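When you get a sec, could you give me coordinates for this:
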Amino acid sequence: MGAGPMNGLRGRILMVACGGLLLNFVVLPLRALSYLSQSDFVPYDAAGRIIRAGGQCLYCIATQEASVHVVAGTANSGGLDTIGGLVFISPPPVAWLFAPLAGLDPHLGRVIFMVLSTAGLSLAAWLIATRWLPGLGQGQRICLVIASTASVPAVIGVAGQIDPLIFTAVVVGITLARRFPVLGGVLIGALVLKPQLFVLVPVALIVSRQWRVLAGTALSTALVATSMFAQGLSHVFDWPRFVVAYGSLSDWLPQSLPPMPRS
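Numbers count the residues shown, from 1 in each chain. As a prediction, this is how the structure comes out:
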């Protein structure tokens, strides 16, 4: 088989694979709308409702249970098992971020969140294709971007997790960092909302001597740290204590897309 037919076969296979990823990106989040009570979006919305109600005791399990049941539309019978492990263990700014959506019907709020997540990933994809990969051909750039932003983790994120918004902030931050290093660092610092992902970022910036970018990430870190005081001095350590108590419940935490029923 000559090089020409082989190249044509590879191109057709890539087109089919990219088309499948895009179809998956559309279908699975729409399917997930039928499973609101099992979605990772629920604890975010519940935390936003606690903030709108005054934000008292955001990390009290009883408060979270009551709010989760309101969002999911389930009976509040008490007990962690009744909410399927849907606990909010993110830092306080994430609850503030979801507070505007928390005043809406949960299904409408989730649709808006999915639209914003999709728009964010689209912006990130455009930046990667036009600013990060100028040396590649157009077809290669399109396939690489689709493979990255329409992957299964991205689909799960759009369906109910905050990761697509953090990813968008980081991509925009990296893009801006060359001209506006401090601003770029602040956006890259959005990773501090996922501390397990952020831990090596300062190390990388120190090794590469990106001091102004590092200063920007320090500002984001300081904002998150300061947010622990928002509920008063008596609640300063509520978040770390809650993470210690419930952060190991990885088996409890839901998947945005529930497993397909067996036949």
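
thought C57 was touching S67?
No. Using CB atoms under 8 Å, C57 is not in contact with S67; the gap is 10.8 Å. (C-beta placed from N, C-alpha, C; glycine too.)

Tell me the residues that contact both of the two, please.
Residues touching both C57 and S67 (CB atoms under 8 Å, 6 or more residues apart in numbering): I50.

For those two, indicate the residue with more neighbours.
Neighbour comparison, C57 and S67: the larger count goes to S67, with 27 against 15 (by other CB atoms under 10 Å).

list the contacts for that one?
46-47, 49-50.

in the protein, which segments are predicted with low confidence?
1-12, 14, 17-18, 20-22, 24-38, 76-85, 136, 148-157, 159, 247-263 (pLDDT under 70).

quick one: H69 and A75 touch, right?
Yes. Contact criterion CB under 8 Å: H69 and A75 qualify, at 6.8 Å.

residues near V201, how many?
Neighbourhood size, V201 [other CB under 10 Å]: 19.

for Q64, same thing?
Neighbours of Q64 (other CB under 10 Å): 24.

hang on, the earlier thing: now, the contacts of S67 that are in strands?
Within the contacts of S67, no residue falls in strands by DSSP state E.

Please list all residues in contact with T168.
By CB under 8 Å, 6+ apart, the residues touching T168 are 120-121, 123-124.

Got a quick PyMOL command for the buried subset of those residues?
To isolate the buried subset of the contacts of T168 in PyMOL, counting by 16 or more other CB atoms under 10 Å, use the following:
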select buried, resi 120+121+124
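
tell me which element the residue lying closest to L133 once chain neighbours are set aside is part of?
The spatially closest residue to L133, leaving aside those adjacent along the chain, is R141, at 4.9 Å (CB to CB, 6 or more residues apart in numbering). Applying DSSP states H and E as the criterion places R141 in helix 138-149.

Leaving out the residues flanking it, which one is nearest to L144?
L133 (6.7 Å).

my bad, R241
Y59 (7.3 Å).

show me where the stretch 101-250 of the chain has strands.
With strands called from DSSP state E, counting those that start in this stretch, the stretch 101-250 of the chain shows none.

Helices along that one, start to end?
106-127, 138-149, 152-158, 163-177, 181-188, 195-198, 201-207, 211-227, 238-246 (DSSP state H, counting those that start in this stretch).

and of those helices, who's closest to A99?
Ranking these by proximity to A99 (CB to CB) places helix 106-127 first, at 10.7 Å.

how about the closest one as PDB, C-alpha atoms only?
C-alpha atoms of helix 106-127 as PDB (Å, rounded to 0.1, in the frame of the first residue of the first chain):
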ATOM      1  CA  PRO A 106     -31.500  23.100  39.900                       C
ATOM      2  CA  HIS A 107     -32.100  21.700  36.400                       C
ATOM      3  CA  LEU A 108     -31.900  25.200  34.900                       C
ATOM      4  CA  GLY A 109     -28.800  26.000  37.000                       C
ATOM      5  CA  ARG A 110     -27.200  22.800  35.800                       C
ATOM      6  CA  VAL A 111     -28.000  23.600  32.100                       C
ATOM      7  CA  ILE A 112     -26.400  27.100  32.500                       C
ATOM      8  CA  PHE A 113     -23.400  25.500  34.200                       C
ATOM      9  CA  MET A 114     -23.000  23.100  31.300                       C
ATOM     10  CA  VAL A 115     -23.300  25.900  28.700                       C
ATOM     11  CA  LEU A 116     -20.600  27.900  30.600                       C
ATOM     12  CA  SER A 117     -18.400  24.900  30.800                       C
ATOM     13  CA  THR A 118     -18.700  24.100  27.100                       C
ATOM     14  CA  ALA A 119     -18.000  27.800  26.200                       C
ATOM     15  CA  GLY A 120     -15.000  27.700  28.400                       C
ATOM     16  CA  LEU A 121     -13.600  24.600  26.800                       C
ATOM     17  CA  SER A 122     -14.300  26.100  23.400                       C
ATOM     18  CA  LEU A 123     -12.300  29.200  24.300                       C
ATOM     19  CA  ALA A 124      -9.500  27.000  25.600                       C
ATOM     20  CA  ALA A 125      -9.600  24.900  22.400                       C
ATOM     21  CA  TRP A 126      -9.400  28.000  20.300                       C
ATOM     22  CA  LEU A 127      -6.400  29.400  22.200                       C
END
